[in-house]
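[1] Sequence and predicted structure are below.
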Amino acid sequence: MDATQDRREFKFLLPAEEGEDFRHFIAGQIPVDRGAENGYPVISEYYDTTDRHSYWQKIWGAGNRRRVRARVYGRPDGLIPPAAFIEIKHKLDSDGVKRRASLPLDSLRELSSGNIPAPLLEAHRSKADQRVVAELEDLIVRGGARPVVQVRYDRMAYDSGPEGTIRVTFDTKLCCRFDLKPLEPDCRNFPLPVVDREIAVVEVKTIGSVPIWLREATAKFCLQAQSMSKYCLSLERYDPAVTRTPLALAI
């Protein structure tokens, strides 16, 4: 699937065992990501303002919202080389799109201080990369967004290919940290559990209509789509800027 296209996203939270059953079903329908047959770790660093503007947009269901995150991939066995991206997640009503640009891993610290790293400003950058830079200037340089929390999890991904229209991911072992450290591929120093019990966060991304077989599977496995954000869950459990607000205390 082309991640730059507008797409619909559905999320399901399943107990670990049920998530594994559903994953085996999906594995019979869609190929696993090539080169990542055993899964891979994902480390994300989420940006927000001091008053948590992005968080509250999500909570209040703003129809048009954006969020910045840095993301690092890589496995210690070298099968998935270390790679870093800066991403803009844009949600417009029920549709979502992800715009991202690659950059050297050591450039992430410069970005986290509020500056656009030089590699993102190089003349050879594509128009898509230049759009990412423009949004970073809006959200980080002028808007004041900075890293708030870092989240780690293990992912298994199934994708219908470059010309396909569906991608399904299974994320487990969610953990986070607020003592922000330089991002490193597959770093395991994340002491805080995002949730109390082990779950699988299942994300289904589709371009166009949802396949009939997937609709039938949703009924078979009793899946119920729900709004969920690893970023928001982490803040709601640990971040004083959220947990001590009058609204959070009322809830």
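    Received the coordinates, thanks.
[2] just for the stretch 51-200 of the chain, where's the confidence low?
    By pLDDT under 70, the weakly predicted segments of the stretch 51-200 of the chain are 94.
[3] What are the boundaries of the strands in it?
    Counting by DSSP state E, counting those that start in this stretch, the stretch 51-200 of the chain has strands at residues 64-73, 83-92, 95-102, 146-159, 166-177, 192-193, 199-206.
[4] Mean neighbour count and distance to Ile212 added to those, as JSON lines?
    For the C-beta atoms, the positions are set from N, CA and C on the backbone; glycine is no exception. As requested, the strands of the stretch 51-200 of the chain are exported to JSON lines (neighbours: other Cβ atoms under 10 Å; distance: least, Cβ to Cβ, whole Å):
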{"stretch": "strand 64-73", "mean neighbour count": "19", "distance to Ile212": "31"}
{"stretch": "strand 83-92", "mean neighbour count": "18", "distance to Ile212": "26"}
{"stretch": "strand 95-102", "mean neighbour count": "16", "distance to Ile212": "21"}
{"stretch": "strand 146-159", "mean neighbour count": "20", "distance to Ile212": "18"}
{"stretch": "strand 166-177", "mean neighbour count": "21", "distance to Ile212": "12"}
{"stretch": "strand 192-193", "mean neighbour count": "14", "distance to Ile212": "37"}
{"stretch": "strand 199-206", "mean neighbour count": "20", "distance to Ile212": "12"}
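[5] Please name whichever of those strands is nearest to Ser126.
    strand 95-102 (8.4 Å; Cβ to Cβ).
[6] ok and the closest one relative to strand 64-73, angle-wise?
    Compare the direction of strand 95-102 with that of strand 64-73 by axes from the mean of the first three to the mean of the last three Cα atoms, to 10 degrees and you get 40 degrees.
[7] Leu235 and Arg244 touch, don't they?
    No. Using Cβ atoms under 8 Å, Leu235 is not in contact with Arg244, being 11.4 Å away.
[8] thinking again about what came up before, same list, the strands of the stretch 51-200 of the chain, but as CSV with distance to Phe12 please.
    Shown next, in CSV, are the strands of the stretch 51-200 of the chain (distance: least, Cβ to Cβ, whole Å):
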stretch, distance to Phe12
strand 64-73, 21
strand 83-92, 18
strand 95-102, 16
strand 146-159, 14
strand 166-177, 10
strand 192-193, 20
strand 199-206, 4
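[9] Many thanks, we can stop here.
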